[in-house]
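# just to be clear, the model below is a prediction. Sequence and coordinates:
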Amino acid sequence: MSAEGGGHGAVGPLFDIPIIGTEYHLPIYDFVITSWVIMFILGFTAWLASKNMKRLPKGIQNVWEYIVEALFGFFGGLMGDSRARKYGPFLATCFLYILLSNYSGLIPGAAMIRGFTPPTNNISITAALAILVFVSVFYYGIKAKGIGFFKHFVQPMAFLLVLNIIEEIVRPVSLSLRLYGNVFGEEMIIEQLGHMMPFLLPLPMMLLGMLTGAIQAFVFTILASTYIAGATEEHH
Amino acid sequence: MELASGLIAIGAGLAVGIAAVGSGIGQGIAAGKAFESIARQPEQTGTIRTLLFIALAFMETLTIYGLLIAFLLNGKIGG
């Protein structure tokens, strides 16, 4: 459901999937369908690229090898190459998913056609991504360091325990709100400008939307990788 | 009631307006220092660029909080 802001009413679910054995339904909203489409595009092109892998890549395998090499090289610069290989897939998926879903708002008919809304337009999707990052920090930290992972809460001094706990909890909140606010705010401004003067006035805002969409995907991934790197760093 | 609607509208406008001032000044200072340090050491441009983006994102978030409050208040105008 989208937030009610500026006269933009909440849109109902497209259809419901009944959960067998209980009285409840699982409502399928517009952005869930678009999310499935993005997942399908990413998964299908990746599968196509890895079907008959040749030594000298060409075509779609070339594109994917370029993307993977650029992303993993970038994470290697942040975390060191061995950790980039372990945690790279999750972070690269986050980056590509957020990038594609931010740009899907620029395709004509984005919020108009029933069943096609950019997923990051919505606090539920961004909160889900932020919760994933939060859980993955704990999971990778405990996998790398065992129970000693919890020692970093009292790290410089013991009385900073409350501050460290608050900081850990605020991180997913700020991650989700940052992504949601940027994308939803951009879309709302484009819609209001479209009401004022269609076709001409939204154009500079859409160019700005391309820039901030890429930057927000980039920043989300950098922050996620910084948190994971901070949680799994070796003793020094 | 009209007085309440007017006050909510003023609140929404002030929320994002004042939030933008702080982050505008802060991001300007951060970017200025980043440019100076790139000019002093051009071989560190990659590291400085990454850190600059992280710092700008942190400051931008505070303005986005203001924008979200403005949207929430905007939805409450008119009862």
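Alright, I've got the coordinates. Numbers count the residues shown, from 1 in each chain, chains lettered A, B, ... in the order given.
# residues contacting the residue nearest to the spatial centre of chain A?
The C-alpha lying nearest the average C-alpha coordinate of chain A belongs to A:I98 (CA atoms, centre = their mean; 4.1 Å). Contacts for A:I98 (CB atoms under 8 Å, 6 or more residues apart in numbering or on different chains) come out as A:T120, A:L129, A:L179, A:Q216, A:A217, A:F220, A:T221. Just so you know, the C-beta spots here come from the backbone N, C-alpha and C atoms, and that holds for glycine as well.
# mind redoing it with 6 Å?
Applying CB atoms under 6 Å, 6 or more residues apart in numbering or on different chains, one finds that A:I98 lies in contact with A:A217, A:F220.
# gap between the helix or strand hosting it and the chain center?
Taking DSSP states H and E as the criterion, the element that holds A:I98 is helix A:81-103. Remark: helix A:81-103 is offset 9 Å from the chain centroid, using CA atoms, centre = their mean, to the nearest Å.
# quick one, helices of chain B?
Under the criterion DSSP state H, chain B carries helices at the ranges B:2-40, B:45-75.
# out of these, which gets nearest to chain A?
For chain A, the closest of these is helix B:45-75, at 3.5 Å, according to CB to the nearest CB.
# where does A:S50 fall, phi/psi-wise?
The phi/psi pair for A:S50 (degrees, to the nearest 10) reads phi -110, psi 20.
# find the nearest non-adjacent residue to it, please.
Among residues not flanking A:S50 along the chain, A:Q61 sits closest, at 7.3 Å (CB to CB, 6 or more residues apart in numbering or on different chains).
# what's the neighbour count on the one you found?
17 (other CB atoms under 10 Å in any protein chain shown).
# that one contacts A:W47, correct?
No - counting by CB atoms under 6 Å, A:Q61 sits too far from A:W47 to count as a contact (11.2 Å).
# next one, pLDDT for the most centrally placed residue in chain B please.
Note on chain B: the residue nearest the mean C-alpha position is B:T63, at 2.9 Å, using CA atoms, centre = their mean. pLDDT, the model's per-residue confidence, is 90 for B:T63.
# was I right to think it contacts B:S23?
Yes - taking contacts as CB under 6 Å, B:T63 lies within contact range of B:S23: 4.4 Å.
# which strands and helices sit next to the helix or strand bottoming out on mean pLDDT in chain B?
For chain B, counting by mean pLDDT, DSSP states H and E, helix B:45-75 ranks last in confidence among helices and strands (a mean of 87). Helices and strands touching helix B:45-75, by 3 or more CB pairs under 6 Å, 6 or more residues apart in numbering or on different chains; DSSP states H and E, are helix A:161-196, helix B:2-40.
# nearest to A:S225, out of those helices?
helix A:161-196 (12.2 Å; CB to CB).
# show me what the following helix or strand past the closest one is packed against.
Scanning forward in sequence from helix A:161-196 by DSSP H and E, the next helix or strand is helix A:202-231. With contacts defined as 3+ CB pairs under 6 Å, 6+ apart, helix A:202-231 has these neighbours: helix A:60-79, helix A:81-103, helix A:123-145, helix A:161-196.
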